[in-house]
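>>> fold the following for me, if possible:
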Amino acid sequence: MGPPASDGPDGSSIRPVSSLLAKFENLNRSGDAQSQNPPPPRTVSPAPKPESQQEASPSAPRDAPALPKMRPKDKPVLPGLRAAGAGASISGANSPSHATAPPISPRPVHPPSLMVEPPHSPSPPKRGFEVAVGERPAFLQTDSVIKPSSPATGSKHFKIPSRPHTPVLEQPRRSPRLTPSQPPSPPPPRRSAELRRDREVREYKPVPPPINRADKPLIRSRSSYILDAQQAIDINNRMADKVSPFNSPPSSNGTPEEDEVPPTLPTRPRPRPEPHSQPHIEPVARAKTFHAGFEPPPVHHSLVNRRREREEVNGIAKGNIVPQSAANQRPALPVRPLSIAEPVKTLNLTMVPPPPRPPRPGVNTSVHETSSSTTSSTKRVVSTPTTQQPPPPSRTHGRSMTVDRTSNRIPGEFRAPIAPIGKTAEDPSGTGPLIGKVDTATSLTTTVYPDSSNTNRSKPYINKGVHEIPTKYDGRVFDVCGELVCTTGSFTRVWSVLDGELLMSLAMGEGLRGSAVAFKPGANVSEEGERVWIGNNFGELMEADIGSQSIVNNRPNAHGRHEIIKIYRHYNELWSLDESGTLHVWGPDENNVPNLLSGPSQSFRLPKGHMFSMVVGDELWHATGKEIRVFLPSLDGQGQFQVLIRPLSQDTAGEVTSGTMITSEPDKVFFGHADGKVSVYSRSNYSCLAIMSVSMYKINSLAGVGRYMWAGYNTGKICVYDMGQTPWAVKKDWQAHDNPVVKLIADQSSFYKLDRYQVVSLGADNMLRTWDGLLQEDWLACEMRRVGNKYAKFQDIRALIMTWNAGASTPNSLRYSDSDASFIRNLLQSSDSPDIIVFGFQELVDLEDKTATAKRFLKPKKKEGSDQERMSHQYRDWRDFLVRSLDDYMLGDLYHLLHTAPLVGLFTCIFVKADLRTRISNLSSAEIKRGMGGLHGNKGAIVVRFMVDDTSLCFINCHLAAGQSAANQRHNDIAAILEAPILPAERDPAVRIDSYVGGGDGTMILDHELCVLNGDLNYRIDTMSRDTVVTAVKAGNLGKLLERDQLLVAKRRNAAFKLRAFEELPITFAPTYKYDVGTDNYDSSEKKRSPAWCDRLLYRGARVKQLDYRRHEVRVSDHRPVSGRFLFTVKRIDPKKRAVAWMDCQQEWEDLRQKEADDEK
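Numbers count the residues shown, from 1 in each chain. Purely as a prediction, here's the structure:
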C-alpha cells in the first residue's frame, strides 16, 4: 500500500505523536486546538506514526518516535508479535465500557499483518527473562521499532482498554510523580538492586514520563500502550542517532544531555549477606551488565503497595531484583551517626524467630558476635547530630509485626552489646573486628543498703567563714571558685564565703534569666575567679568582670535562640551546651584563656533531652533519661567524636540525675538515679561494674570529695558514703536544707585559695551553705576512739533486761499457777548477779477499758509530787513487788532502785547494784507519745539515759502500733522515737567526743554509746496464713517464719528503716504472741490472730555483747516474756593522758590534711 494521506476525514491534517509535546507544553495557548478537536471520552493512545509525518515534530528531526513511558497500570503484552490492529481489536472487545475511538483513515485498509515483518523466531513466554543494563539498556533502545508503511485500521471501530488483560512479565517503571488517582507504585529506590536499576533506566531518559501530563485539563484518562516482546527487545537498534522529543520533560532546561543523573540517596546500613543464605549481588557499574530474573506480581496491584510498605517497614530487602527467602531475612539496624570518623561497624545479627509480640527491651544479657564493614569516610564531620537516628518507617497496616519497628528501642534479642569503638577484639575468622564483650549489670544489682549503724549525724561546719548565705531570689544554678560563689537566675550575684559580703549583682533583664554559669579559667592561679561566664535562656553568652561589676564581653547569638543549659570547664577551655544539643568548644586564645570574641573553636551536635552531663577526663558523658552516651570533643575537630556505638543503659535503675568521680578510684564513674540507686561504670571498657541501692529517695546531686561520695537528696539531707567496704557505709547523714538539695559542688580550687577543702550546697530554700569537705571533727573523734586505750581504762559490767506485755495483769495474778509464781524467781536467780537490771512492761493497765482510757486522756497529768503520788496503784504494785523479789531472791547482793517511769501502760523500772550507784551520773528520762497522732500515750516509748563513769547508756521501752497491716505505721513510730531530740544536751565538747557517738550531743537516742531497745514492737509475720504459721511452729521450722518477719524484712530492704542501726541475737524460740490466756494454745478466738514475734530485744553499740535471748512461760497474759543477758564495756578516762592523746591526733590531722591538699592539687 502507498503512504497514508496527510488529511483526515474531516479535512484536518493528522498530526504525528511527536507533536503532542508542543501541544502539552503550550496548553495555555491551545484554545484553538480545543475548538477544532473536541476531546474524546478517552484519549487516543500514542502509536508509531508513518515516516512521512516525522518532520512535523517540533524538535530536531528523528527517524522514529520514542516509546512513551508506560504507567504502572499499563503493562506490556509480550506473549508474541501481533499486529497492532488485531491487538487493539482484542483489547477493545474485552473492554466494552470504553468509548470507541474515531477511525484514522476513511479508506479500507488491508490487514496490517501482511505489511509487518514476521517475528524472528520468538521464544515461548517464560516466568522471567534476562535484561541487560549498560550504557544503552536494550529495552529502552528505539532503533528496532517496527515502521509500518501504513497505519493499522480495521473495518470497525476499536476501543482502547484501560489496562491489558494479558499476563505480563515485567513490572513497569515508577513515574517521577504520581497522582492520587493512579494505582500503587513501587517503593522508593532504597534497596540496592532497585536503586541501581532505576537510576540507570532514568539516566538516558529515552521516553518522557507521560504521567506528568495526566494532570492537564485536556487529558481525561490514561492511555495504554501495548508492546510485543519483539518490539520491546528491538527498540535499542533505533536509539543510537534518534532521540524521542519526550526525553526532555517540560520542566527540564533542554536536551537530555544536559540532564544529569540525580545524586544517590543515602541508604540505611544493612547486614552483610552470608554466602550460604543469600545470593551475591555485584556492584553495578555504568558499562557492566548483570542478569536478574523478573517475577510477575503474584497478586492484584492494590496489594502490591501494601506488601512493599510492609517489607520496607520491616527492613527486609525483598524486591523484584533478588528474591530472598523469609528465613534469611535480617532486620535493619540504625544508621551510623555522620560525625563518626572511624569505619562503621555494621552489625550482622542472625535473626531467630522472635515471639509474636516482643517484650519490652530489658538489660542486654546476651553477647552477639558481629562483623563490621567500612562505609563512612575518614574525614570527621562536625556540628552534625551524632546520635539522632532517622525515624523508622511508620506502621501503615493493621497486621501485627514480629518486631515493633515503630519504637526507637531495639528488642533485646536483636540488640548488640555496648562496646567502645576502637576497643575491640579481633575476629578469629578474619572477617573483621568484633565488638568487645561488656558485662551486663543484671547480676551486679544489689538491694543491700549501706551500713548505717555508725553514722555521724553532726553538721560538718567549717571553722572559719560563714556557714550559710541567703540568695534572696530563686536561683538554681551556681558555681564556686575559692572565696567566691556565684549564683544566677533573674539576677547574677557573687558572694564571699568568708564573710558573706555581696560583691556583684547584675539584673538579667525582663524575660531573661541566667541558665548556666561558670568561672572563667585564668592564665594562672592568681587570676582564677576574676571573671565569670553567664549563659541565659535566649542563647546569649556574657562575660562579667566581678571587680567592676560589669559585662565586658557579649555574644548575643552564641547558641541561636536556644537556652544554654550547661557550661563546663575543661582545663583552660570552656564548653557550652544548649537545649537543642549544640555543643560549642571555646578554646584558649593567645593569652591561654577562652575568648568570646573569637567564636567557638569547634561545634558538635548532641542528643536532645539532656538530664545530666559531666566532663570525665577529655570525654563528655551525656545522659538522657536512662541512657548515657560518651563523646570526645576536641579543639581541632579531628578524630572520633562519638565514642560508643550504643548508649549505656541499665533498666534496673531509674533516670540519671547526677554523677561524679572519686579521686581515690580514678577508673570509675558514679551516676545517681531518681530511684535512689548509684551505678558504677568503668572508664576503661565502659562496662557497668555495680548498681548500689543507697536510698529510697531521689538523688539530686553527687560530689566526689577525697575518698568519699557526697549525695544530696530530695528530702534536703546530705549523706556521705564510704565505698571502701562492702556494703558501703553511711559515714555521715544530716539535714542540710529544709527543702530539696539542688546541687553540690566540691571546690578543688579552695585548696589553692583558702587552704581548705570546702563543699557548697544550694537548696530549694534559696540558701547556700558551706561544709567541711575533709570532715575534720569526724576524723578527730574516730581517731580518739581508736587510741582510747592510751588514756582510758575499760571494765565489763553485766546487765539483765526483761520485756513483757503483761495484759493488765497484776503481781497477784502470778499466784494462781506454780509456774507463773516462779517466773520472777527463776529469772533473777539465773541471771548471774547482774550489775544492772531493767524491767520493761507494756499494758500494765487495761487499754481496752474505754472509761479508764478517756480519764487518762482528758485528765491532766500530775506534774508535782512524789512517785507515790504521780503513779497509779498498778505501777506501784509492780514496783513494790520487784523490790521485794530482789531482796528475797538475790541474797548477798544489794540493789538500789535507780529510776521508774510510767506512760499509759508502759512501765520501766531500773535497779543497779549498790557499788555501781556511785559511778552513775547524768540520769534523765523522757517519754514519747505515739497514740492518736502523738497525743495519747497508749502507744509510744519511755527513754532513760545515764552515764556509768564516762560511758553513756540508754534504755528504750516501746509499745508500737498494732495490726497485721500496720507495718508502715510501726516504722514511723520507730523513726519518731529514735530521731526525737528529747534529752538534755551535753555542752562540753570534750565530753561529747568521749561519751557520745555519731557527733551527737546526747539529745537523741542514737547519740549514746550503748543502747538497748525492748518492748512489744508488734511486728508480724507476712504472707502466711495462721494455720501455716502454727504448723511451722509445731514442726520447729522457725527459719521459714523468720524469713517473713516484718522487722527482719524491713532491715534488709528498707534503707530508711531506723532499726537497721540495731542488732538482734538470732531468735531460737517460738513466737511469743498471741496465746489464749491461761493456756499454751495460740489464739483460738473469733479473730484467730496469727502467731508472731512481737516482743523483742535489740541493742546497738561497739562495746555491747548479748549473752542469751530466751522466752519464759507465763500464762497470765496473751504474750510470753522475753529476756536477755548483756555484757557492757564501760570506760574511765584519765584527763592528763587524754590531753596528750588529743595533741597527737591534732598533729596527725595536719599531716593528713596537707597530704589530701597535695593529692587534690
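>>> what's the end-to-end length of stretch 463-478?
Start-to-end span of stretch 463-478 (CA to CA, to the nearest Å) is 23 Å.
>>> quick one: the strands in the stretch 1001-1150 of the chain?
Shown for the stretch 1001-1150 of the chain, the strands assigned by DSSP state E, counting those that start in this stretch span residues 1010-1016, 1095-1100, 1104-1111, 1122-1133.
>>> what would those strands look like in a markdown table with mean neighbour count?
Any C-beta I mention is one placed from the backbone N, CA and C, and that applies to glycine too. As requested, the strands of the stretch 1001-1150 of the chain are arranged in a markdown table below (neighbours: other CB atoms under 10 Å):
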| stretch | mean neighbour count |
| --- | --- |
| strand 1010-1016 | 26 |
| strand 1095-1100 | 23 |
| strand 1104-1111 | 16 |
| strand 1122-1133 | 20 |
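>>> mind giving me a markdown table with the ones you listed and columns for mean pLDDT and distance to Ile993?
Formatted as a markdown table, those follow (pLDDT from 0 to 100; distance: least, CB to CB, whole Å):
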| stretch | mean pLDDT | distance to Ile993 |
| --- | --- | --- |
| strand 1010-1016 | 97 | 16 |
| strand 1095-1100 | 97 | 19 |
| strand 1104-1111 | 96 | 20 |
| strand 1122-1133 | 97 | 10 |
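>>> any chance of those in TSV, plus distance to Ile564?
Formatted as TSV, the entries for the strands of the stretch 1001-1150 of the chain read as follows, by distance: least, CB to CB, whole Å:
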stretch	distance to Ile564
strand 1010-1016	52
strand 1095-1100	50
strand 1104-1111	56
strand 1122-1133	58
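>>> so which of those is nearest Ser687?
strand 1095-1100 (38.5 Å; CB to CB).
>>> residues in contact with that closest one?
Here strand 1095-1100 makes contact (CB atoms under 8 Å, 6 or more residues apart in numbering) with 453, 801, 803-805, 1006, 1010-1017, 1019, 1047, 1059, 1061-1065, 1072-1073, 1106, 1109, 1111, 1119-1124, 1126.
>>> can we see that at 7 Å?
For strand 1095-1100, the external contacting residues (CB atoms under 7 Å, 6 or more residues apart in numbering) are 453, 801, 803, 805, 1011-1014, 1016-1017, 1047, 1059, 1061-1064, 1072-1073, 1106, 1109, 1119-1120, 1122, 1124, 1126.
>>> in a helix, Thr629, correct?
Actually, residue 629 is Arg rather than Thr. No - when the secondary structure is assigned by DSSP: H, G, I helix; E, B strand; the rest coil, Arg629 falls in strand instead of a helix.
>>> report the beta-bridge partners for it.
Arg629 forms beta bridges with His622, as assigned by DSSP bridges.
>>> okay, now the unreliable bits of this structure?
Applying pLDDT under 70 to the chain flags residues 1-444, 847-871, 934-937, 1161.
>>> report the longest helix in it, please.
Scanning the chain for the longest helix, with DSSP state H as the assignment, gives helix 1135-1160.
>>> list the buried residues in it.
Along helix 1135-1160, the positions that meet the burial threshold by neighbour count (16 or more other CB atoms under 10 Å) are Arg1138, Ala1141, Trp1142, Cys1145, Arg1153, Glu1156, Ala1157, Glu1160.
>>> phi, psi of the closest residue to Lys717 other than its chain neighbours?
Across the structure, with CB to CB, 6 or more residues apart in numbering as the measure, the residue nearest Lys717 apart from its sequence neighbours is Gln735 (5.5 Å). Main-chain torsions, Gln735, degrees, to the nearest 10: phi -80, psi 100.
>>> repeat that for the one 4 residues further on.
According to degrees, to the nearest 10, the main-chain angles of Asn739 amount to phi -120, psi 180.
>>> who touches the closest residue to it other than its chain neighbours in this structure?
Distances taken as CB to CB, 6+ apart put Ala764 closest to Asn739, at 3.6 Å, once the chain neighbours are dropped. When contacts are counted by CB under 7 Å, 6+ apart, Ala764 touches Asn739, Pro740, Val742.
>>> count of residues packed around Arg884?
Counted with other CB atoms under 10 Å, residues neighbouring Arg884 total 12.
>>> so it, which state does it fall into?
Classification of Arg884 into helix, strand or coil gives helix, according to three-state DSSP.
>>> mind checking the end-to-end distance for stretch 742-761?
Between the opening and closing residues of stretch 742-761 lies a distance of 7 Å (CA to CA).
>>> surely Asn1018 touches Cys1094?
Yes - taking contacts as CB atoms under 7 Å, Asn1018 lies within contact range of Cys1094: 5.1 Å.
>>> roughly how far does the closest residue to Tyr1109 other than its chain neighbours sit from Ala781?
Closest residue to Tyr1109 in three dimensions, ignoring its sequence neighbours and counting by CB to CB, 6+ apart: Leu1065, at 4.1 Å. Leu1065 sits 29 Å away from Ala781, going by CB to CB, to the nearest Å.
>>> of those two, which one has the most company?
Comparing Leu1065 with Ala781 by other CB under 10 Å, the one with more neighbours is Ala781, at 21 against 16.
>>> with adjacent residues omitted, what lies nearest to that one?
Across the structure, with CB to CB, 6+ apart as the measure, the residue nearest Ala781 apart from its sequence neighbours is Ile993 (5.1 Å).
>>> you'd agree that neighbour is in a strand?
No - when three-state DSSP is applied, Ile993 is found to be helix, with no strand at that position.
>>> and it, how many neighbours?
By the other CB under 10 Å criterion, the neighbourhood of Ile993 contains 18 residues.
>>> same check on Asn805?
Number of residues near Asn805 (other CB under 10 Å) recorded here: 27.
>>> how about it: which residues does it bridge to?
Beta-bridge partners of Asn805, as defined by DSSP bridges: Gln842.
>>> before we move on, the earlier item: give me the helices and strands touching the longest helix of the chain, please.
helix 776-786 (3 or more CB pairs under 7 Å, 6 or more residues apart in numbering; DSSP states H and E).
>>> which parts of the helix it packs on are buried?
Of all the residues in helix 776-786, those buried under the rule 16+ other CB under 10 Å are Gln776, Glu777, Asp778, Trp779, Leu780, Ala781, Cys782, Glu783, Met784.
>>> roughly how far apart are the third one and Tyr996?
It refers to Asp778. 13 Å.
>>> please apply the same query to the last one.
Applying CB to CB, one obtains 12 Å for the distance of Met784 from Tyr996.
>>> quick check: neighbours shared by the two?
Contact with both Met784 and Tyr996 is made by no residue, according to CB under 7 Å, 6+ apart.
>>> picking up where we left off before, among the contacts of Ala764, which ones are buried?
Of the members of the contacts of Ala764, the ones counted as buried by neighbours, 16+ other CB under 10 Å, are Pro740, Val742.
>>> tell me the one among the contacts of Ala764 nearest to Asp578.
Val742 (20.6 Å).
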